[in-house]
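**Q** Structure of the sequence below:
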Amino acid sequence: MLICKENENELIVQILAYLDETHLKESEYIKNELAWLETLEKVTLHYPEIRDSWERDRTLDRILASNTLHLPPRVMNLHNYLVTKLHIFSTLFAILKDISAFGIPIRASMLTITSFFTMEKVYSSCLRDNFISKEVKNLLADELVFLWDNGLNIKKACFFGHLEQLWVARDKTPPTYGTMDGNSEVIRLSMEMPREWDDFLKEQGDNKETINALLEFVFGLSYEDIIRERERLSRAKMQSVNEAELKKVFGATEFAYTSIKRVDPSRFYDFFIERYEKTLFRRRILMEEASEAPKRTIEEIYLEYLASKV
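**A** Alright, predicted model coming up:
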């Protein structure tokens, strides 16, 4: 299949054998959905690879117009394929999440699909950034086309592994909050990351935008929420706060970002979109102000860094 890796196909065979014995109705439903997924695969492969007709400047301008009508048909069908696959795996996860031999690899596959869509948005946002050099944009444009042409064979994509590791590391290291300085969260996250991440942090130094974008990422809170809680701790002369206390204090006041739920890996995509839209708002409203609130996500900053080193 286009997207299902060999180990996923083996997993599905094992799952269907199990469901045939325990959940016959659900097994028939999944088989029908997999047949539809195979049809979507054939439709997607019907279209030529985008690179075959790739004229970087003209094609990219149309793609970045944010208009669905401008997306190549191969991309639209790939999206349909991936969303369908995600729904199938979500159904399987709901049934089998308590069986670790099934639940753990199913969830990993769901997170990879989510990473594809998140990666696509990170690329697109960087390509719209007027402050990124033409050379870096050309590289990112070529990588985006590679991403579209190869579906979830994106382990070959130049930067995908780095960003996927960042999301997987965040998934493994939920925040403890504590003193709200973020030191323990960043340390635990960095322990899961490759050498390039350490080089990135060293080069960024005390760059406020990077620091505050990273704090939003590790805490799952907006910069404004973080400042508000730090001020409350200072007024109350409290040394630290845990998650339960934090939610109790905020009470009916909503956080800027909804919480990441481990039972739903697709929340990572939502988490990026919420942070990205917040940065867009700040760029439009706060650009002339001295606010230290980040105007880019940590993913955009990290991707620009990686591309600039190639």
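
**Q** So what's the residue count around the closest residue in space to Leu111 that isn't next to it in sequence?
**A** Leaving out its chain neighbours, the residue that sits closest to Leu111 by CB to CB, 6 or more residues apart in numbering is Pro265, at 4.2 Å. (Each C-beta comes from the backbone N, C-alpha and C, glycine too.) Neighbour count for Pro265, taken as other CB atoms under 10 Å: 25.

**Q** what's the answer for Trp36, then?
**A** 12.

**Q** would it count as being in a helix?
**A** Yes. Counting by DSSP: H, G, I helix; E, B strand; the rest coil, one finds Trp36 located in a helix.

**Q** measure it to Arg74 for me?
**A** 18 Å (CB to CB, to the nearest Å).

**Q** related to what we said a few turns ago, mind checking what secondary structure the residue nearest to Leu111 has?
**A** coil.

**Q** So that it lines up with my notes, have the first residue be 11 from now on.
**A** Let's use 11 as the start, then, which means that last one is Pro275.

**Q** my guess is it meets Arg117, correct?
**A** Yes. Counting by CB atoms under 8 Å, Arg117 is a contact partner of Pro275 at 6.0 Å.

**Q** Now the residue nearest the centre of the chain: which helix or strand?
**A** By CA atoms, centre = their mean, the chain has its centre lying nearest to Thr128, at 3.8 Å. Assessed by DSSP states H and E, Thr128 sits inside helix 110-137.

**Q** What residues does the nearest residue to Phe227 once chain neighbours are set aside make contact with?
**A** Distances taken as CB to CB, 6+ apart put Ile308 closest to Phe227, at 4.7 Å, once the chain neighbours are dropped. By CB atoms under 8 Å, 6 or more residues apart in numbering, Ile308 lies in contact with Leu176, Thr220, Ala223, Leu224, Glu226, Phe227.

**Q** just Tyr279 next, same as before
**A** Contacts of Tyr279 (CB under 8 Å, 6+ apart): Thr124, Phe127, Thr128, Lys131.

**Q** Give the helix, strand or coil label for the residue of the chain most remote from its centre.
**A** Farthest-out residue of the chain from its mean C-alpha position, per CA atoms, centre = their mean: Lys247, at 36.5 Å. When classified by three-state DSSP, Lys247 comes out as coil.
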